[in-house]
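Asks: what follows is a predicted protein model with its sequence.
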Amino acid sequence: MSLTNTETVATAAGNAAAAPPADRRGGGGSWRGHAERHALLGLLVAVVAFFSLYPDSAQTFFTSSNASMLLGNQSVVALLALAVILPLVTGYFDFSLGAVAALSSVLTAGLMSFHGWSLWAAVAVSVAAGAAIGAVNGLLVTRFGLNSFVTTLGMATLLGGLVQWYTGGQTILAGIDPALPQFGSATWLGLPRVVFIVALATVVLWYLLAHTPFGRRLYAIGSNPRSARLVGVRVDRSAWTTFVMAGALAGVAGVLQLARAGSATADNGTGLLFPALAAAFLGATAVVPGFFNPVGTIIGVLFVSVSVSGLTLSGASSWASPVFNGAALLVAVGLSTYLGRARGVRTG
């Protein structure tokens, strides 16, 4: 049975709205399009070159030990940044992800230290807890129509309080399976093992968003949720799924944080969230400008972390890092919003 004219138009509109970001790049093959896609990567290379030659940082910045330490330490932020972009792709914020990572770290350590659980059981429960928190956030936002900014900010405050209660404000040091910190400090092919987890997550997320119907539906929701709904996309369910996936990924980030530190502190996760947000919005200005994308996000993480590392090694004061992160976030939000509006896309 052939499609009617109305069905044909609706199908064509749906295909256009759900086109993957690779098919909707601005600028095409023009110099401006190439400049937009590669500007952040060019800035990263320039920052690396500057701090490699700057006298105050040259001796220690461009060394394999500094690179290995930087990549290992930023793996948690990178994984959290990948989690952040999942709801953002559909036009929603999730400000609880930093707190979810902190809770996952504390819960994993606490289940082993206080209750004698095995490593794998503690990890599984912590990641599942992250997914469950994401499910609650998604339900409140998509089903009940609550504002995602306020809802997830409230959830972050709640989780921060629970972490303080569970730990008594103390750091959990004893009773953690030594296999976890050994994994966090071990290297493979000269790189920290945790880097390969981030690389795997990046590839999987890139394929999911850019090369699957589900990913195209998410971008369609972010571009225009009303049009996506009219052509048959299950907007609420798809957006809810991104909250669940983001929560689970933040749970994994918390486990990695425990693996790297070897202990769990009573933290609210803010220190992880803002660099991740800056990287996510910076990433929306690169590779596929105007769209949140995993590869651009990783470039954003590297840009922020390399810049902060260079400033630290150059002898900058302690206030330089938060000032840079805040400035990077403001600039990134402005640029990604401008590029998104130029292409008719919501960027959060």
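Replies: Perfect, I can see it now. Numbers count the residues shown, from 1 in each chain.
Asks: show the pLDDT at the residue minimising distance to the centre of the chain.
Replies: Nearest to the centroid of the C-alpha atoms of the chain, with distances taken as C-alpha atoms, centre = their mean, sits Ala81, at 1.5 Å. Listed pLDDT for Ala81 reads 96.
Asks: which strand or helix spans it?
Replies: If you go by DSSP states H and E, Ala81 is part of helix 75-89.
Asks: I'd like to know which elements that helix is packed against.
Replies: With contacts defined as 3 or more C-beta pairs under 8 Å, 6 or more residues apart in numbering; DSSP states H and E, the packing partners of helix 75-89 are helix 97-113, helix 193-211, helix 213-223, helix 235-261, helix 270-283, helix 294-313. Every C-beta, even on glycine, is put in place using the N, C-alpha and C of the backbone.
Asks: list the buried residues in stretch 267-278.
Replies: Using 16 or more other C-beta atoms under 10 Å as the test for burial, stretch 267-278 gives 267-269, 272-278.
Asks: which outside residues touch it?
Replies: Outside of stretch 267-278, the residues within contact range by C-beta atoms under 8 Å, 6 or more residues apart in numbering are 76-77, 80-81, 83-84, 95, 97-103, 105, 156, 159-160, 163, 253, 257, 300-301, 304-305, 325-326, 328-329, 332.
Asks: check the offset of stretch 310-330 from the chain's centre.
Replies: Taking C-alpha atoms, centre = their mean, to the nearest Å, the mean C-alpha location of stretch 310-330 is offset from the chain mean by 20 Å.
Asks: just stretch 57-72 next, same as before
Replies: Put simply, stretch 57-72 sits 23 Å off its chain's centre (C-alpha atoms, centre = their mean).
Asks: that one - what's its average pLDDT?
Replies: Stretch 57-72 comes out at a mean pLDDT of 87.
Asks: in a markdown table, list the helices and strands packed on helix 75-89 along with distance to Ile133 and mean pLDDT.
Replies: Output for the helices and strands packed on helix 75-89, formatted as a markdown table (distance: least, C-beta to C-beta, whole Å; pLDDT from 0 to 100):
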| stretch | distance to Ile133 | mean pLDDT |
| --- | --- | --- |
| helix 97-113 | 5 | 97 |
| helix 193-211 | 19 | 96 |
| helix 213-223 | 20 | 93 |
| helix 235-261 | 5 | 97 |
| helix 270-283 | 14 | 88 |
| helix 294-313 | 21 | 90 |
